[in-house]
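In: Sequence and predicted structure, then a few things I'm wondering about:
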Amino acid sequence: MRSIAALLLAAALATAVTACGGHKPAAPAGILDAPVQKVGLPEVKRDVSQLYRSHPDVRTFVSRSVQYTPKTRDKVISVCSKGGPDVSLRELESSRVLACAPLIFFFYDYGRRSSVPDAVTLSQEIYWYAVSHNRRPYNAQPVLTSLLRTWGVK
């Protein structure tokens, strides 16, 4: 009986604190809203490999008809970092950004749907890599951010 009374008292106190202006912790900023940090390709590759080791189900995860096996994932990361066979600097940068975008979305979607916070963090890391390494001849951040938002990334 005492423990029930203690639980009821604790619940009443919690309700009273909330009603009197108790503060909830602020929701974490979305991956696109946090200040961009400099991230290198070795960090991205290391963390991608770590995610695939610690969560092998990511190999069979499908998002919008896309699945990244280690082989396809590595090809996309290569284009995300080096670009495709384009000629001009603008086309080269665009190919890098456009390769990174679906990878960012994939890990974000996997992390959210599979309750794997490390995957969401990885999506942010790839986003930071893409925007910090693609600033010339134009700043890729506004275009990449807008594209990802249309896909539901926050």
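Out: Structure's in. What do you need?
In: how about the closest residue to residue 82 other than its chain neighbours, phi and psi?
Out: Among residues not flanking residue 82 along the chain, residue 96 sits closest, at 7.3 Å (Cβ to Cβ, 6 or more residues apart in numbering). From N, CA and C alone the C-beta is placed, and that goes for glycine too. Main-chain dihedrals, residue 96, degrees, to the nearest 10: phi -70, psi -50.
In: pLDDT score assigned to residue 96?
Out: Note on residue 96: pLDDT of 86.
In: Do I have it right that it meets residue 132?
Out: No: between residue 96 and residue 132 there is no contact under Cβ atoms under 8 Å: 11.8 Å.
In: who's more crowded, the two?
Out: More crowded of residue 96 and residue 132, by other Cβ atoms under 10 Å: residue 96, with 22 against 15.
In: Show me what the helix or strand encompassing residue 107 is packed against.
Out: Taking DSSP states H and E as the criterion, residue 107 maps to helix 89-113. Judged by 3 or more Cβ pairs under 8 Å, 6 or more residues apart in numbering; DSSP states H and E, the packing partners of helix 89-113 are helix 70-82, helix 117-132, helix 141-150.
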